[in-house]
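# have a look; sequence and predicted model below, questions after that.
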Protein chains: 2
Amino acid sequence: MSDVIFLPESILEVQTLAALRDAGANEETAGAATRAMLHASRLGIDSHGVRLAAHYAKVLRGGRVNPNPAMKTHRTAAGAATLDADDGLGHAAAYAAMELACSMAKEAGVAAVGVVRSSHYGAAGAYALAGAEAGMIAVSMSNTDAIVALHGGAERFHGTNPMAIGAPVPNQKPWLLDMATSSIPLNRVFLYEALGKTLPEGVAADQSGHPTRDPANVEMLMPLGGMDFGFKGAGLAGLVTLLSAVLTGSTLDHLMIRMAETDDFETPRRMGHFCLAIDPDRFAGRALFDEAITRYLSDLRASAAREGQSVMAPGDREWAVEAERARTGIPVDRKTAKFLGLAE
Amino acid sequence: MSDVIFLPESILEVQTLAALRDAGANEETAGAATRAMLHASRLGIDSHGVRLAAHYAKVLRGGRVNPNPAMKTHRTAAGAATLDADDGLGHAAAYAAMELACSMAKEAGVAAVGVVRSSHYGAAGAYALAGAEAGMIAVSMSNTDAIVALHGGAERFHGTNPMAIGAPVPNQKPWLLDMATSSIPLNRVFLYEALGKTLPEGVAADQSGHPTRDPANVEMLMPLGGMDFGFKGAGLAGLVTLLSAVLTGSTLDHLMIRMAETDDFETPRRMGHFCLAIDPDRFAGRALFDEAITRYLSDLRASAAREGQSVMAPGDREWAVEAERARTGIPVDRKTAKFLGLAE
């Protein structure tokens, strides 16, 4: 018996949508969440793929998340707005915020939207990609519940606090960086535990904050940069908190109800997100931008690699996975396939 | 004989200004460069402090840098502008760009300025600090000549590409993150070589891109994140290149004339910088922002540290150095002190 089933994207999409509708989600909520999960599943970010459908159904049913939110935007200046997500799922809010930021940036050159009263929004790259597809350099970030220690710290203080940036490339897939500000996600720890593997050095710590390579002893993650340079990762995590929570008036990482390790699936978590769009038309102009990013990426991909290695631009690995999965289907764990009515 | 002399800031300031004027710099150029170097010297970023005065005098005299630039700004939208630095030193251009971004952000909520035809601008944090002191969340970045390998790469492709972010904190020094997207600066390698010390793991590589801990074998730096997670640091370096060079129409890192390892001190380097200002007034509002950042920092500083360690917010180490140096004076290497007429 295999642990994973390969399923065509189209079928996964239909069943994920149905599962969210079934849990009460309105069309916009279900559509946006499905779009974001399929983005992740297609590109190989399986931790944020359709695996999360069951979790979202649970919080829709539990009351943590409003299945029928009335989102409200408030434009405060030519290049600034807030979006109140009315305690809905984060995906619809984050796509709407990015769309608004892009349309404001068309006019103002640069624009940002702060999202409040939101919830988990999945893979940050989904929204940065949407912005890049609209021709913008686009940034999306969200703080999350605390699991990462400060540099030298001995408690969970920041979330894994992802930041994603996308940039349009003519006749190619966008440049797309989607990264947590910790070295690894918590799910990687669970995976290593299941496989009986030892963690890389400087990525996780035990309950007194001492680094550990034993997945079973992990109480918190360490920030990107490891034992010596973790102050950089912690600073970047703080930047995500500043823009997503402090700027918008949302919940700080360490005060947030946990996503999963909790019995409370009723209380809204009041998460914040931040997005920014920059219109290349208003700087060197589109023609020069197109030429420069094409040259940059072609030089990057042609540059020398270390023996046995290869060099890639952000997104290249993901676009390769996407192409492969278009052929093979998307691997889905049996539990999720069952939840989606696609396995016994 | 000591290698370092402690000198009062006021005297250093006068002599640095005089040295730049002496090399032909006009008042704005000399003033801004001195302000930025003193920022770095005060906060302990000695690689970018008054040590650079001799280098700037050399490039002012050599012709690489225009001592009397006529900077031109061009506002392209409510929140976007370009600044042509006319081949002057980067400091005056970067301060002017940040000032413009802040005043546009007052109106548009968010604003960005792309700087073109510029040169080395010293410590990125100087400009982020200026923006934070104007009440904004402020970002400054610049690409630099290539010295950092890609993840898995075997040649110099990106610069150390610093990014700095500042945020205002009521009644306190700003939150201030100023970081290279490599783990360490090249100067650290030279320092370790001089001291006969071994480098940390995963920060530098030899000429075939293989990691080395021997400073004498270092041909290139490795991106933040080390052997396992360097794709994150390389992605961040790429972000700096995209915004500073690709967006503005400036020189790519790997095509840039080297700052120092070259005989060419005549040709302008056509560097680009990028700055962004976000006005907290246009999101949750100033009162909520002030309250939230105060709470965030107080909880951060009170959070548990690992035995023998302490936890700090970005900037805390630098503010402590600043306070200490206000008492002790600023340590200056003898060669620089001599250049400034402050030692035999």
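In hand now; what should we look at?
# helices along the stretch 151-300 of chain A, start to end?
Taking DSSP state H, counting those that start in this stretch as the criterion, the stretch 151-300 of chain A carries its helices at A:186-195, A:226-241, A:286-302.
# contact partners for A:V189?
Contact partners of A:V189, counting by Cβ atoms under 8 Å, 6 or more residues apart in numbering or on different chains, are A:199, A:204, A:215, A:218, A:221. From N, CA and C alone the C-beta is placed, and that goes for glycine too.
# one step back: need the winner for burial among the helices of the stretch 151-300 of chain A.
Comparing the helices of the stretch 151-300 of chain A by mean neighbour count (mean count of other Cβ atoms under 10 Å in any protein chain shown), helix A:226-241 ranks first with a mean of 26.
# what's the spacing between A:L38 and A:G131?
18 Å (Cβ to Cβ, to the nearest Å).
# looking at the two, which is more packed in?
A:G131 (30 against 20; other Cβ atoms under 10 Å in any protein chain shown).
# chain neighbours aside, what residue packs nearest to the more buried one?
A:A138 (2.3 Å; Cβ to Cβ, 6 or more residues apart in numbering or on different chains).
# give me the secondary structure label for that neighbour.
Here A:A138 takes the strand state, with states given by DSSP: H, G, I helix; E, B strand; the rest coil.
# and A:A96, what pLDDT?
With respect to pLDDT, A:A96 scores 98.
# related to what we said a few turns ago, and the helices of the stretch 151-300 of chain A, which one is worst for confidence?
Across those, the lowest-scoring stretch is helix A:186-195, with a mean of 87.
# neighbours of the residue nearest to A:L43 when sequence neighbours are not counted, how many?
With sequence-adjacent residues excluded and distances taken as Cβ to Cβ, 6+ apart, A:L43 is closest to A:E318, at 4.0 Å. Using other Cβ under 10 Å, A:E318 has 21 other residues around it.
# remind me, longest helix of chain A?
helix A:90-108 (DSSP state H).
# does chain B have contacts with that helix?
Yes: contact of helix A:90-108 with chain B (Cβ under 8 Å from any Cβ of the partner chain) involves A:107-108.
# the residue with the largest distance to the centre of chain A and B:G152, how far apart?
The outermost residue of chain A relative to its centre, with distances by Cα atoms, centre = their mean, is A:E307 at 32.2 Å. Distance, A:E307 to B:G152, by Cβ to Cβ: 10 Å.
# A:M141 now?
26 Å.
# so which of those two has more stuff around it?
A:M141 (27 against 19).
# hang on, that one packs against A:G272?
No: using Cβ atoms under 8 Å, A:M141 is not in contact with A:G272; the gap is 9.5 Å.
# which residues are common contacts for the two?
With Cβ under 8 Å, 6+ apart, A:M141 and A:G272 have common neighbours A:S244.
# would you map the strands across chain A?
Assigned by DSSP state E, chain A shows strands spanning A:4-7, A:72-77, A:80-84, A:110-118, A:137-142, A:148-149, A:156-158, A:163-167, A:175-179, A:204-205, A:220-221, A:271-278, A:330-333.
# for the ones you listed, give me JSON lines that also has distance to B:L247.
Converted to JSON lines, those look like this (distance: least, Cβ to Cβ, whole Å):
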{"stretch": "strand A:4-7", "distance to B:L247": "40"}
{"stretch": "strand A:72-77", "distance to B:L247": "22"}
{"stretch": "strand A:80-84", "distance to B:L247": "20"}
{"stretch": "strand A:110-118", "distance to B:L247": "11"}
{"stretch": "strand A:137-142", "distance to B:L247": "7"}
{"stretch": "strand A:148-149", "distance to B:L247": "31"}
{"stretch": "strand A:156-158", "distance to B:L247": "29"}
{"stretch": "strand A:163-167", "distance to B:L247": "9"}
{"stretch": "strand A:175-179", "distance to B:L247": "12"}
{"stretch": "strand A:204-205", "distance to B:L247": "37"}
{"stretch": "strand A:220-221", "distance to B:L247": "33"}
{"stretch": "strand A:271-278", "distance to B:L247": "7"}
{"stretch": "strand A:330-333", "distance to B:L247": "35"}
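# which one of those strands lies nearest to B:V116?
strand A:271-278 (15.7 Å; Cβ to Cβ).
# same for the closest one, what does it pack against?
Here strand A:271-278 is seen to pack against helix A:90-108, strand A:110-118, helix A:125-133, strand A:137-142 when contacts are counted using 3 or more Cβ pairs under 8 Å, 6 or more residues apart in numbering or on different chains; DSSP states H and E.
# using CSV, list the CA coordinates for it.
Extracted in CSV, the C-alpha atoms of strand A:271-278 (Å, rounded to 0.1, in the frame of the first residue of the first chain):
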residue,chain,number,x,y,z
MET,A,271,-4.2,37.6,11.9
GLY,A,272,-2.8,40.3,9.7
HIS,A,273,-1.2,40.2,6.3
PHE,A,274,0.7,42.8,4.3
CYS,A,275,1.0,43.2,0.5
LEU,A,276,2.9,45.7,-1.6
ALA,A,277,2.9,46.3,-5.4
ILE,A,278,5.5,48.2,-7.4
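# so that strand versus strand A:163-167, what angle?
20 degrees (axes from the mean of the first three to the mean of the last three Cα atoms, to 10 degrees).
# pairing partners for strand A:271-278, with directions?
Strand A:271-278 has the following sheet partners, assigned by DSSP bridges: strand A:110-118 (antiparallel), strand A:137-142 (antiparallel).
# nearest to B:I293, of those?
Ranking the strands paired with strand A:271-278 by their distance to B:I293 (criterion: Cβ to Cβ) puts strand A:110-118 first, at 14.3 Å.
# counting neighbours, what do you get for A:E266?
Neighbours of A:E266 (other Cβ under 10 Å): 11.
# show me the shaky parts of chain A.
Across chain A, residues meeting the criterion (pLDDT under 70) sit at A:1-2.
# 50 - rerun?
Within chain A, the ranges that satisfy pLDDT under 50 run A:1.
# before we move on, back to that, any shared contact partners between A:E307 and B:G152?
B:G209.
# how about the stretch 101-250 of chain A: which residue is closest to chain B?
A:G109 (2.5 Å; Cβ to the nearest Cβ).
# neighbours of that residue, just the number please.
Quick note: A:G109 (other Cβ under 10 Å) scores 29 neighbours.
# what of the one 3 residues further on?
Counted with other Cβ under 10 Å, the burial measure for A:A112 works out to 33 neighbours.
# is chain B contacted by stretch A:241-259?
Yes: applying Cβ under 8 Å from any Cβ, one finds stretch A:241-259 in contact with chain B at A:241-243, A:245-249, A:252, A:254.
# re earlier: quick check: bridge partners of the residue nearest to A:G131?
Bridge pairing for A:A138 - DSSP bridges - gives A:G166, A:A277.
# can you name the residues that contact it?
Contacts for A:A138 were tallied using Cβ under 8 Å, 6+ apart; they are A:98, A:101-102, A:127-132, A:165-167, A:275-278.
# and what of A:L242?
B:137, B:167, B:175, B:293, B:296.
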